[in-house]
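Engineer: sequence unavailable; structure follows:
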């Protein structure tokens, strides 16, 4: 089959209307950096495609201590928008410029690992997703969005319309470790957000990518950090806990053995950076 | 040499403007009215017998013009060295990239859909995943008619190996392994073929040797060569990867059968499985030296994975053999080498043609030997370097143009080596860069033949026309050389202007088109500037003679032939394998992160004797490009084949260096000791930048960490595993 129809809705209402009408046979595409290679290679042959680039979902705004990002906002737009530096850094670490000019914030939520290096930063910042369907809208924490490898809590008639990122209350770190300097798949990516009171950790969110079926939170390491003094010992223990609890995989970029080991190294480096 | 007007100047690239503006055409840009589109059905399985092919559903799809299978190929074989590869497989497939059928349709989408409708029933056969398996006594034979899985064998015997080892105070034995490397040229394979109004079959594409493409097309289609015309557009990189044909024969077949223009554009994945690779090799060296650092014996075994078909394997491995000693005098040598069939992707030409493997093993081993002797590695190399009266490992005299010590000294000094009390000494540097990161420096020499070797006829033909009446007003040059991005068209134009004694802008050059040019051989083997330059000088001389005889236009076609070479004797390996060698030395500084195992090259010094730099900037570009490709081979590029399947078919799994992976500090030292045979003294340079980076990195990583590595690529996890020894 070749693709029979391509929809380019001019509003979110129109988009969710089309989704309600055509359901799962409609492939939703944002920047197209994930979908188009598969379509061009004949790996995926969706009957109908809906592009979101004209649906009015491309915007960045600061509202009441949060950054509001339209789902179809490109990664390049994020790189250029000075609100939350760690997000700019995360966006800059995806692909090369051509990919960042096309790839979007919403699309990155659906990138299978080792992709998803923007989503992992959103996870550490406790981003909330606005999910919209013809039936209405709801808000879901990103932490509850992923249900498994390439599966999410999104209903078949829902779209990710917007992402709300609270401006971090604490300190952040983002480290992507790849085999080359740029445009590189992750061996592991670490995003951390720690609220400190002096040296005491009041709240910790530690997110990892490329070491699980989707960007994951290292909850045991977080628990270990929360309430502790952020010293070398705590950092080492948290890094070891994160390495223990992650679920790394083997691919041509790195083995599971190596990825687990690098979680230990890069969680320690990220936390040390925050502790400095 | 008299003052030159064009030779020796860094003129801007003549192709640059067209490429930057998009005016330059590459094979994928070609189109014709009424053209059809082709798609290949690849086997996608490493070894299987074809029981049945049913094309009826594909043929019934509206828009499908033809489905071609083995029965449609007049002579179902092709290949650069042997006609051993089926154009379309009818009985057995031997690697994932074997082709089973072609679909020609009105659109690429229909062709793709029709491919999915072809039913092929296979019976899987045992898969030979590596050369050791292929050599097992009960291994299935991939080419039963050959009686063995061994494609080529070489033996070299020089002196008395027992006697040599008896003189040795130190003996070092190590086995080195190297992975498969993908050319990863920028432009996926593509082309357009049609039958013109005079009935000629025209194939327009990109490659490295149009006349040999034509020879193979003629063979497979059972047509006379003069019915076929091969034309090259600009080519988006080649590196040896386009020396074998990819889409040429199948395009020709489809256009000839259909009498319609047919276009094909391969995807990155198709390009990756559809063309050959650099040979993975295992090289065992056992070398003996006296306490004073004189090499007295070398025992070597080479085993190369040739993949499923012959390609140029026998020549590649012969080159590994020919250069296996490194640029050193080895009085006693015992060497055995084999290239072996497996169900992996066929291996063939790739920048350096087997010599990078030879240099990796020989030069890494020199570093090990120096370490065992407690001697500086530069000092050891200086003591053993070839002399003018030396004999090579294959008992051949050294052709003029020897500069082992000059290049080594240049690179070593620049990297901080010093002569102290008459001996070379490695600079003392601070090891720790920051906590967890250590630094080291390393060096390696290199040598390689220029041009074809081992008796393969080495010649290039060029035609020169001088137009005008009283005075020569303009010149026309016809020369089949392919601009693959290396700058050859600019280099050729500068030499043509020099040879014809005309301003550059008054020379028109007709490049690769078999209907308008004679063969100049392939754009490979670091040969084209050398060969074309000599041919241009000869043709210009002859054309001016004709001019003086009042010919208008004065036309001369001239064939330049190099001094002959000869194949290696099958028993002793003796023979003059090459007519000229080029010499180099490369030094690197690396940083090793001991927590992650990541090796980063921070500085490169490359000293090359190029004889004469026709265009110094292009020469520098070739050296830098080669070195970075070698840096990728040594540290980054990890082509993974598992049970005959490719796990790294695209550029997000097969990682090549990007601009940010290039060391910030890269210095090229160009030495110019004129090569007597060379045009204006020039020797070859295209492959030389690649040769010694990998062993220099091995030396530097040891300097940094105290650990020796024998295998590349040095992926961080392999390095970490060795450094920590925990895995």
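Structural biologist: Yes, it's here. The model shown is predicted, which means the values in this text are computed figures rather than measured ones. Residues are numbered from 1 along each chain as shown, chains lettered A, B, ... in the order given.
Engineer: for the worst-scoring helix or strand of chain A on mean pLDDT, packing partners?
Structural biologist: Sorting the helices and strands of chain A by mean pLDDT, DSSP states H and E puts helix A:35-40 at the bottom, at a mean of 89. If you count contacts as 3 or more Cβ pairs under 8 Å, 6 or more residues apart in numbering or on different chains; DSSP states H and E, helix A:35-40 packs onto strand A:26-29. For glycine as for every other residue, the C-beta is placed from the backbone atoms N, C-alpha and C.
Engineer: switch the cut-off to 10 Å
Structural biologist: Applying 3 or more Cβ pairs under 10 Å, 6 or more residues apart in numbering or on different chains; DSSP states H and E, one finds that helix A:35-40 makes contact with strand A:26-29, strand A:48-51.
Engineer: residue B:660: neighbour count?
Structural biologist: For residue B:660, the count of nearby residues is 11 (other Cβ atoms under 10 Å in any protein chain shown).
Engineer: my guess is it meets residue A:181, correct?
Structural biologist: Yes - using Cβ atoms under 10 Å, residue B:660 is in contact with residue A:181, at 3.8 Å.
Engineer: show me how far the top helix by length along chain B is from its chain's centre.
Structural biologist: Counting residues, the longest helix in chain B under DSSP state H turns out to be helix B:528-548. Put simply, helix B:528-548 sits 28 Å off its chain's centre (Cα atoms, centre = their mean, to the nearest Å).
Engineer: strands along the stretch 51-200 of chain B, start to end?
Structural biologist: Along the stretch 51-200 of chain B, counting by DSSP state E, counting those that start in this stretch, strands occupy B:64-68, B:92-93, B:99-105, B:119-124, B:150-158, B:170-178, B:190-195.
Engineer: got it, and the stretch 51-200 of chain A?
Structural biologist: For the stretch 51-200 of chain A, strands defined by DSSP E, counting those that start in this stretch occupy the ranges A:60-63, A:66-70, A:128-133, A:136-141, A:146-148, A:151-152, A:159-166, A:171-178, A:186-197, A:200-209.
Engineer: most tightly packed of these?
Structural biologist: Most buried of the strands of the stretch 51-200 of chain A by mean neighbour count (mean count of other Cβ atoms under 10 Å in any protein chain shown) is strand A:186-197; its value is a mean of 25.
Engineer: quick check, it touching chain B?
Structural biologist: Yes - Strand A:186-197 lies within reach of chain B by Cβ under 10 Å from any Cβ of the partner chain, at residue A:187.
Engineer: for that strand, packing partners?
Structural biologist: Using 3+ Cβ pairs under 10 Å, 6+ apart: strand A:186-197 touches helix A:85-92, helix A:119-124, strand A:171-178, strand A:200-209, helix A:219-225, helix A:232-245, helix A:256-275.
Engineer: swap the cut-off to 7 Å and go again
Structural biologist: Here strand A:186-197 touches helix A:119-124, strand A:171-178, strand A:200-209, helix A:256-275, going by 3 or more Cβ pairs under 7 Å, 6 or more residues apart in numbering or on different chains; DSSP states H and E.
Engineer: quick one: name the residues of chain A near chain B.
Structural biologist: Residues of chain A lying near chain B by Cβ under 7 Å from any Cβ of the partner chain: A:2, A:41-42, A:179-185, A:252-255, A:257-258, A:262, A:265.
Engineer: and residue B:169, how many neighbours?
Structural biologist: 14.
Engineer: and the gap between it and residue B:373?
Structural biologist: If you measure residue B:169 against residue B:373 using Cβ to Cβ, to the nearest Å, the figure is 8 Å.
Engineer: could you do residue A:220 as well?
Structural biologist: Remark: distance between residue A:220 and residue B:373 (Cβ to Cβ) = 53 Å.
Engineer: just the buried members of the residues of chain A next to chain B?
Structural biologist: A:42, A:179-180, A:183-185, A:252-255, A:258, A:262, A:265 (16 or more other Cβ atoms under 10 Å in any protein chain shown).
Engineer: closest point of the stretch 401-550 of chain B to chain A, which residue?
Structural biologist: At 9.1 Å from chain A, residue B:436 is the closest residue in the stretch 401-550 of chain B, using Cβ to the nearest Cβ.
Engineer: oh, I was asking about the stretch 151-300 of chain B
Structural biologist: For the stretch 151-300 of chain B, Cβ to the nearest Cβ, closest residue to chain A: residue B:267, 5.8 Å.
Engineer: okay, that residue: pLDDT?
Structural biologist: pLDDT, residue B:267: 95.
Engineer: one step back: neighbour count winner among residue A:220 and residue B:373?
Structural biologist: Each of residue A:220 and residue B:373 has its neighbours counted (other Cβ under 10 Å); residue B:373 has more, 19 against 16.
Engineer: residues contacting that one?
Structural biologist: Contact analysis of residue B:373 by Cβ atoms under 7 Å, 6 or more residues apart in numbering or on different chains lists B:170, B:289, B:293, B:380.
Engineer: phi, psi of the third one?
Structural biologist: Phi and psi for residue B:293, reported as degrees, to the nearest 10, are phi 90, psi 30.
Engineer: quick check: it touching residue B:378?
Structural biologist: No - look at residue B:293 against residue B:378 with Cβ atoms under 7 Å: they stay out of range, at 11.3 Å.
Engineer: so which residues on the stretch 51-200 of chain B come close to chain A?
Structural biologist: Contact residues, the stretch 51-200 of chain B versus chain A (Cβ under 7 Å from any Cβ): B:109, B:112.
Engineer: domain ranges for the chain?
Structural biologist: No chain specified, so I'll use chain A. A:5-51, A:60-166, A:171-275 (automatic domain parsing).
Engineer: other chain: chain B
Structural biologist: Using automatic domain parsing, the domains assigned to chain B come out as B:16-24+B:459-561, B:31-125+B:191-264, B:157-179+B:277-386+B:400-452+B:570-726.
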